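what follows is a predicted structure for the sequence shown.
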Amino acid sequence: MDIAHVASGTVSTTASDRLADRYATALYALADEQGALDRTVQEMEALGRLIDASADLRRMLQSPLIDVQTAQKALRAVLTGQGFSKLIMDFAGVVVANRRARELRAIVAGFAALVAERRGVVVAHVATARPLSPMQEQALRARLIEAGYARVEIATTVDPEILGGMTLRVGARLYDTSLRSRLQRLQYAMKGAA
């Protein structure tokens, strides 16, 4: 099976999640076929951390001014320097060759979500106005386990716009206890009473 063969094709550019899922599924299938799934999972996590930590790499991936060959060479040099496998370097090269470099971080996240799903791990996406303390995260994990999510992984983000409280998304379910949404509901209720 060839990465370029699996990942190529026409995908709507407005469907970035579907695009990320498609590439993630192709990489998962190829890594599984080659018996390199565990290593690929570790390397994709490392790639996500690398993209998050390097502003220069993010700029290179996001820039429409850098041609495909230059971007491929630069990315291959970075990945080689970091000790990534040929599979990951080839995969990243295909992503860049298909002019999807901007989507590489989303593809990494899509791969992590796919791995979690296949391994029976539920990912709870939590957004708070301030970072959760380890104690708060532990309490949240305990509540999720009580709610029936035995194998849960918590992905936290900080969003100051929610003002306070939190939003929690597990699969298709959204629990919104943010101060912003409470104020919006109060505003709608007051408009209805007037």
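Thanks, I have it. Numbers count the residues shown, from 1 in each chain.

what comes up buried for stretch 39-51?
Buried residues in stretch 39-51, counted by 16 or more other Cβ atoms under 10 Å: 40-41, 43-44, 46-48, 50-51. Heads up, the C-betas are built off the backbone N, CA and C, glycines and all.

what do you get for stretch 143-152?
Judged by neighbour count using 16+ other Cβ under 10 Å, the buried positions of stretch 143-152 are 144, 149, 152.

one more: stretch 126-146?
Neighbour counts over stretch 126-146 (16+ other Cβ under 10 Å) mark 126-129, 132, 140, 144 as buried.

looking at those, which is nearest R59?
Within those, the smallest distance to R59 is 25.6 Å, found for A127 (Cβ to Cβ).

can I assume the closest one sits in a strand?
Yes: the assignment for A127, made by DSSP: H, G, I helix; E, B strand; the rest coil, places it in a strand.

okay, it: pLDDT?
A127 carries a pLDDT value of 88.

then Q34?
90.

quick check: closest non-adjacent residue to it.
The spatially closest residue to Q34, leaving aside those adjacent along the chain, is L87, at 6.8 Å (Cβ to Cβ, 6 or more residues apart in numbering).

which SS state does that neighbour fall under?
Remark: L87 carries the secondary structure label helix [criterion: three-state DSSP].

cool, F91 as well?
helix.

distance of it relative to A26?
Shown here: F91 relative to A26, a distance of 8 Å by Cβ to Cβ, to the nearest Å.

okay, the two: which has more neighbours?
Between F91 and A26, F91 has the larger neighbour count (other Cβ atoms under 10 Å), namely 28 against 23.

how is this structure carved up into domains?
Described in terms of automatic domain parsing, the domain architecture of the chain consists of the residue ranges 3-117, 121-193.

which one of the ones you listed is the most hemmed in?
By mean neighbour count, with neighbours taken as mean count of other Cβ atoms under 10 Å, domain 3-117 ranks first of these at a mean of 16.

tell me which helix or strand of this structure sits lowest on mean pLDDT?
Among the secondary structure pieces of the chain, namely its helices and strands, helix 3-7 has the lowest mean (mean pLDDT, DSSP states H and E), a mean of 38.

now for the helix or strand just after it, which elements pack on it?
Using DSSP states H and E, the helix or strand that follows helix 3-7 towards the C-terminus is helix 16-33. For helix 16-33, the elements it packs on are helix 3-7, helix 37-53, helix 86-97, helix 104-118, judged by 3 or more Cβ pairs under 8 Å, 6 or more residues apart in numbering; DSSP states H and E.

residues contacting the third one, please?
So that's helix 86-97. Outside of helix 86-97, the residues within contact range by Cβ atoms under 8 Å, 6 or more residues apart in numbering are 3-4, 7-8, 23, 27, 30-31, 34, 36, 40, 43-44, 47, 68, 71-72, 75-76, 79-80, 101, 103-104, 107.

appreciated, that's everything.
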